[in-house]
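[1] Quick one: sequence plus predicted model below, questions after.
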Amino acid sequence: MTAQTVSILNEIGQLYAFDANDFAERFDVTWERITNKTGRIKSFVDLLMGFECALKAHIALAGQRDLHEPKQTYMKIRKASHSISQLASAATLLSDRGLYEQIAGRLDSFSVLIRYSLDAYEAFFPWYTDQGSARINYSMTIGNDVWIRETRELLEPLMDSAYKLVTGEVADIEHLFDREREMQEFVETVVAKGAR
């Protein structure tokens, strides 16, 4: 097993990478089991969240690699919120931007707000709200198994590249305890106080 970097940004990257994996696994379990449209849309939101978390992991881990200030890197993540295109734009862990651009191009029109049935119907089925035309074509995206499989496949290299940096052994146990104290202080001063 490889040695793991110990830092606040590595810890943040690890948390996001693990979250991405959890969302991806939940999507994998629910996608085939749920066959109604709104259920499929909600399952797809898990996939969106997987991408969001993986991109946030990439931002944190690139900040670690490039020795950026943890607070500034965390604020960059927070500022992008749920925007896949903003997160993909801010991600720099991979030197080849092709994957980031492909993800942004494919998922930019989606929002995690489609997890609510009313928002999903407004986005995909305009006849429900009499808006005239759908913002997103359901049958070309979420309703298309090929499109879904291709989208799911894009998440794997994103997660794999993050996992390589956040898994492994910590050589110095004292350093690990120091990192835990630093992380606690970071959470208390930056995260808990709204990262002002």
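    Yes, it's here. It should be emphasised that the depicted structure is a prediction, and the values quoted were computed from it without experimental measurement.

[2] going forward, measure contacts and count neighbours with C-alpha atoms only.
    Will do.

[3] Go through the top helix by length along the chain and flag the buried ones.
    With secondary structure taken from DSSP state H, the chain has its longest helix at helix 37-65. Neighbour-count burial for helix 37-65, counted by 16 or more other Cα atoms under 10 Å, picks out 37-64.

[4] In three-state terms, label residue 95 for me.
    Taking DSSP: H, G, I helix; E, B strand; the rest coil as the rule, one finds residue 95 in the coil state.

[5] so how far is residue 32 from it?
    Here the distance between residue 95 and residue 32 works out to 35 Å (Cα to Cα, to the nearest Å).

[6] Please apply the same query to residue 65.
    When residue 65 is compared with residue 32 (using Cα to Cα), they lie 38 Å apart.

[7] Please apply the same query to residue 17.
    Residue 17 is 24 Å from residue 32, where distance means Cα to Cα.

[8] okay, those two: which has more neighbours?
    residue 17 (30 against 10; other Cα atoms under 10 Å).

[9] Helix 37-65 and the helix or strand containing that one, what's the angle between them?
    For residue 17, the enclosing helix or strand under DSSP states H and E is helix 8-31. Calculated by axes from the mean of the first three to the mean of the last three Cα atoms, to 10 degrees, helix 8-31 forms an angle of 160 degrees with helix 37-65.

[10] how far out from the middle of the chain is helix 8-31?
    Averaging C-alpha positions (Cα atoms, centre = their mean, to the nearest Å) puts helix 8-31 8 Å from its chain's average.

[11] For that helix, name the packing helices and strands.
    helix 37-65, helix 145-166, helix 173-186 (3 or more Cα pairs under 8 Å, 6 or more residues apart in numbering; DSSP states H and E).

[12] what packs against the first one?
    In this structure, helix 37-65 makes packing contacts with helix 8-31, helix 70-80, helix 84-90, helix 117-124, helix 145-166, judged by 3+ Cα pairs under 8 Å, 6+ apart.

[13] Distance to residue 184 and mean pLDDT for those - can I get that in a markdown table?
    Listed next are these as a markdown table, based on distance: least, Cα to Cα, whole Å; pLDDT from 0 to 100:
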| stretch | distance to residue 184 | mean pLDDT |
| --- | --- | --- |
| helix 8-31 | 9 | 96 |
| helix 70-80 | 13 | 94 |
| helix 84-90 | 25 | 97 |
| helix 117-124 | 37 | 76 |
| helix 145-166 | 18 | 96 |
